[in-house]
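Chemist: kindly generate the corresponding structure for this input.
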Amino acid sequence: MKLLQTIRRMSQGASEVPLSALRLKYCERKDAFLEDNIKVKNPFCVFRDWLELALKTPEILEPNAAALATVSAEGRPSNRYVLVKEATAEGFTFFTNYGSRKAEDIKSNPYVAISFYWLPLRRSVRIEGVAEKISVEDSLKYFHQRPRASQIGAAASPQSQRIPSRSYLDDVEAAIKLELGPDGEVPLPNWGGYLVRPDLIEFWQGQTDRLHDRIRFRRGGGVESEVDSKLVHKGEDGWVYERLAP
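Modeler: Prediction:
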């Protein structure tokens with residue numbers, strides 16, 4: 001609460017507190033995230049447990065919001081927030097316009113990273129893997145589950161492209177509504193889902209003394225040959241796990 005009050009004072013110009021002075025109380029040592037806390041040594045199981053707690057935490061308004069990082073063909077990184085709409089043993093699914101900057105990046109370089117940050121829980125999850133388009137059928141199914149206004153919005157917006165004004169979007173939206181009428185089905189635009197198949201998932205939990213907990217799961221590329229039961233431990237379903245220094 002004191003941190004929030006300080007930030008509010010700063011935003012109102014009532015305080016000259018430097019950003020370097022901001023300190024948030026994290027978890028105590030007794031609440032450390034230990035290997036023994038992981039009953040099933042599979043990162044998808046850990047993620048589901050952490051997500052379930054995030055869903056039950058009222059202060060977290062969008063627990064499925066995550067930062068998605070991509071890299072262009074020229075090697076330029078880009079980062080933005082997306083809403084992860086499905087998390088399964090296959091991976092993590094989000095939706096976007098296939099003409100957007102993120103889609104263009106993925107077309108040339110499918111390696112991406114996703115980061116969740118649940119501040120009230122002092123927890124973060126980092127994911128790295130390969131993004132691939134899901135089927136048109138699955139994209140269409142989800143598209144028509146969205147509110148009709150969101151469907152029309154997706155059809156009206158040439159995401160990441162230059163447009164002359166805000167009113168341009170309003171005019172395109174109005175034209176679509178007029179063409180479809182009040183009940184016409186919105187056709188699927190150049191839009192759909194990506195499934196991120198992870199080969200790395202890291203779980204971070206903040207500690208007040210800054211000796212944060214970091215446990216990383218990896219799979220693929222012969223990682224199981226690294227298992228020595230000291231630094232690298234054998235997990236389940238082809239995963240290995242290890243603790244990292246903060």
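
Chemist: after the top strand by length along the chain comes which helix or strand?
Modeler: Criterion DSSP state E: the longest strand present in the chain is strand 191-205. Tracing the chain past strand 191-205, the next element assigned as helix or strand by DSSP states H and E is strand 213-219.

Chemist: what's in contact with whichever helix or strand comes after that next one?
Modeler: Sequence order places strand 233-234 as the next helix or strand after strand 213-219, per DSSP H and E. With contact meaning C-beta atoms under 8 Å, 6 or more residues apart in numbering, strand 233-234 is reached by 35, 41, 224, 227, 240-242. For the C-beta atoms, the positions are set from N, CA and C on the backbone; glycine is no exception.

Chemist: which of those residues are buried?
Modeler: By neighbour count, with 16 or more other C-beta atoms under 10 Å, those hold 41, 240-242 as buried.

Chemist: so which of those residues sit within strands?
Modeler: Those of the buried ones among the contacts of strand 233-234 lying in strands (DSSP E): 240-242.

Chemist: from these, which is closest to Q207?
Modeler: The nearest member of those to Q207, counting by C-beta to C-beta, is E242 at 18.1 Å.

Chemist: what is the neighbour count of I127?
Modeler: 25 (other C-beta atoms under 10 Å).

Chemist: mind listing what's buried in the host helix or strand of it?
Modeler: Here I127 is covered by strand 123-133, with elements defined by DSSP H and E. Residues 123-131, 133 are the ones in strand 123-133 that count as buried (16+ other C-beta under 10 Å).

Chemist: the residues you listed into a markdown table, with extra columns for distance to S150 and pLDDT?
Modeler: Putting the buried residues of strand 123-133 into a markdown table (distance: C-beta to C-beta, whole Å; pLDDT from 0 to 100) gives the following:
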| residue | distance to S150 | pLDDT |
| --- | --- | --- |
| R123 | 29 | 97 |
| S124 | 28 | 98 |
| V125 | 26 | 98 |
| R126 | 29 | 98 |
| I127 | 25 | 98 |
| E128 | 29 | 98 |
| G129 | 27 | 98 |
| V130 | 28 | 98 |
| A131 | 22 | 98 |
| K133 | 20 | 98 |
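
Chemist: need the pLDDT of the residue nearest in space to the middle of the chain.
Modeler: Closest residue to the average C-alpha location of the chain: A66 at 2.5 Å, with C-alpha atoms, centre = their mean. Per-residue confidence for A66 comes out at a pLDDT of 98.

Chemist: that one should be in a strand, yeah?
Modeler: Yes. Per DSSP: H, G, I helix; E, B strand; the rest coil, A66 lies within a strand segment.

Chemist: need the contact list for it.
Modeler: Residues near A66 by C-beta under 8 Å, 6+ apart: 81-84, 92, 94, 114-116.

Chemist: same deal with V46?
Modeler: Residues near V46 by C-beta under 8 Å, 6+ apart: 38, 40, 201, 203, 217.

Chemist: burial measure for the residue lying closest to the fourth one once chain neighbours are set aside, as a count.
Modeler: Here the nearest residue to F203 in space, its sequence neighbours aside, is I215; by C-beta to C-beta, 6 or more residues apart in numbering that works out to 5.1 Å. Using other C-beta under 10 Å as the criterion, I215 is surrounded by 21 other residues.

Chemist: likewise for A103?
Modeler: Neighbours of A103 under the rule other C-beta under 10 Å: 20.
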